[in-house]
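# Got a predicted structure plus its sequence, pasted below:
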Amino acid sequence: MKNSFRNCGWAALLRGVAVVSLFASSLPAGDWPQWRGPQRDGVSVEKGLLAEWPKAGPRLLWQVADLGAGYSTPAVVGDRLYVLGNEGLENEFVQARSTRDGRRVWSVRLGNVGNPKQDPNYPAARSTPTVAGKLLYALGSDGDLVCLETATGRERW
């Protein structure tokens, strides 16, 4: 059976990342470099995943409380997790986190949150960063598009 991340919420996806991290030392993990995965179809082709969760659930490896607000989904490549977030309406940002411990590696401001008076009223970061090689592309909710180096967050354009 193929594993699907369709209709997956933030918490479920981060739990999935944590579970995949459990096996990082014994299994090579595939990257999830863009929205809905490598093929943009929401299907994970990972092998050797559990057919059933343990009764107590998966062991929690780490969690963070400072991702910011928003509706972005993460991209995961190698030992990094990339996600957009916002603090208020004046600070929308993209950040890189370590998949080992959730530690923030870097964070870059994108701009302001776009269209705060929209209807329905859900102004916040929304897009998924895309990783291609050593570059990350991020689109802010106000239309700010950036290209950053994945290693440092340094802006290319």
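It's in. What you are looking at is a predicted structure, and each value in this text was computed from that prediction instead of being measured.
# and the nearest residue to residue 134 once chain neighbours are set aside, how many residues sit next to it?
Of all residues not flanking residue 134 in the chain, residue 150 sits nearest, at 5.4 Å (CB to CB, 6 or more residues apart in numbering). All C-beta spots, glycine's among them, are computed from the backbone N, C-alpha and C. Counted with other CB atoms under 10 Å, the neighbours of residue 150 add up to 21.
# what's the spacing between residue 150 and residue 72?
16 Å (CB to CB, to the nearest Å).
# try residue 97
Computed as CB to CB, the residue 97 to residue 72 distance reads 13 Å.
# Quick check: neighbours shared by these two?
Residues touching both residue 97 and residue 72 (CB atoms under 8 Å, 6 or more residues apart in numbering): residue 83.
# Just give the closest residue to residue 34, not the sequence neighbours.
What sits nearest to residue 34 in space, not counting adjacent residues and going by CB to CB, 6+ apart, is residue 130, at 4.3 Å.
# shouldn't the one you found be in contact with residue 137?
Yes. Between residue 130 and residue 137 there is a contact at 4.7 Å, judged by CB atoms under 8 Å.
# now the residue in the chain sticking out farthest from the centre, what's its secondary structure?
Centroid-distance maximum for the chain: residue 55 at 27.1 Å, with CA atoms, centre = their mean. Under DSSP: H, G, I helix; E, B strand; the rest coil, residue 55 falls in the coil class.
# now swap in the one 4 residues further on and tell me
Per three-state DSSP, the secondary structure class of residue 59 is coil.
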